[in-house]
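Asker: Got a sequence here, can you build the structure:
(chains A and B)
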Amino acid sequence: ILNVEQSPQSLHVQEGDSTNFTCSFPSSNFYALHWYRWETAKSPKALFVMTLNGDEKKKGRISATLNTKEGYSYLYIKGSQPEDSATYLCAFHNDYKLSFGAGTTVTVRA
Amino acid sequence: DSGVTQTPKHLITATGQRVTLRCSPRSGDLSVYWYQQSLDQGLQFLIQYYNGEERAKGNILERFSAQQFPDLHSELNLSSLELGDSALYFCASSTSKSSYEQYFGPGTRLTVT
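Answerer: Numbering: from 1, shown residues only, chains lettered A, B, ... in the order given. Take a look at the predicted model:
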């Protein structure tokens, strides 16, 4: 079982504030690191797939960084909006499967 | 809408029974993955098929089996059901065998009573 940990488990953010949270994963046998956004009553949707150490990806107000040597990735949300409320999952991709973390649940208060 | 369809949406059955969950991948996707989401656990990878053949196995119980048909749809068979099998079962698909970007279906909610 691959240990993929996300912290914090949940966080509350005031609308307009920025926030970030972490995913840590094994630093060996790394293939890719995935971030998914999972809204209540919907299915997970891919945000980013990151493969190279030092990778930075951005989609609108959401961005992510990757450090494969130390085994962590950060997801940042800039200027949080209520529609950003969701659970954000990271998944460590080794050579044949994805191992998911338990997620960070973000609630943005208006 | 990801383009991945799963049926049924909800399923309620009794312990000891057998059920079949169905998944149709996005058009053109050759890989299908099955995941289980229990209340107290994160998404657990069960099994992957690529173009009709089993490619990778995760934490899948022996009571569970899957297959992918020539038209690329997949079925997950769960037998001798136990209360602990109650969960949300997701299917995902991707174009390649390496699960680079997966598209998730809406899930099947299984309740075992």
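
Asker: So the worst-scoring helix or strand of chain A on mean pLDDT, near chain B or not?
Answerer: Sorting the helices and strands of chain A by mean pLDDT, DSSP states H and E puts strand A:98-100 at the bottom, at a mean of 88. Yes. Using CB under 8 Å from any CB of the partner chain, we find that strand A:98-100 touches chain B at A:Leu98, A:Ser99, A:Phe100. For the C-beta atoms, the positions are set from N, CA and C on the backbone; glycine is no exception.

Asker: how close does the second one get to A:Cys90?
Answerer: Taking CB to CB, to the nearest Å as the criterion, A:Ser99 is separated from A:Cys90 by 10 Å.

Asker: same check, this time on B:Tyr50
Answerer: B:Tyr50 sits 24 Å away from A:Cys90, going by CB to CB.

Asker: overlap in contacts of A:Ser99 and A:Cys90?
Answerer: Contact criterion CB atoms under 8 Å, 6 or more residues apart in numbering or on different chains; residues shared by A:Ser99 and A:Cys90: A:Val4, A:Phe25.

Asker: who's more crowded, these two?
Answerer: A:Cys90 (31 against 20; other CB atoms under 10 Å in any protein chain shown).

Asker: quick one on the thing from earlier: what are the pairing partners of the least confident helix or strand of chain A, and which direction each?
Answerer: In the sheet containing strand A:98-100, its partner strands are strand A:86-93 (antiparallel), by DSSP bridges.

Asker: Pull the distance from the partner strand to the chain's centre.
Answerer: In terms of CA atoms, centre = their mean, to the nearest Å, the gap separating the centre of strand A:86-93 from the centre of its chain is 5 Å.

Asker: ok, now stretch A:27-45?
Answerer: The mean C-alpha position of stretch A:27-45 is separated from the chain mean by 7 Å, CA atoms, centre = their mean.

Asker: Buried by neighbour count: which residues of it qualify?
Answerer: Neighbour counts over stretch A:27-45 (16 or more other CB atoms under 10 Å in any protein chain shown) mark A:Phe30, A:Tyr31, A:Ala32, A:Leu33, A:His34, A:Trp35, A:Tyr36, A:Arg37, A:Trp38, A:Ser43, A:Pro44 as buried.

Asker: OK, contacts around the spatially closest residue to the second one that is not a sequence neighbour?
Answerer: Same thing as A:Tyr31. Counting by CB to CB, 6 or more residues apart in numbering or on different chains, A:Tyr31 lies nearest to A:His93, which is 4.6 Å off, once chain neighbours are set aside. Shown in contact with A:His93 (CB under 8 Å, 6+ apart): A:Phe30, A:Tyr31, A:Ala32, A:Leu33, A:His34, A:Val49, A:Ser99, B:Ser99.
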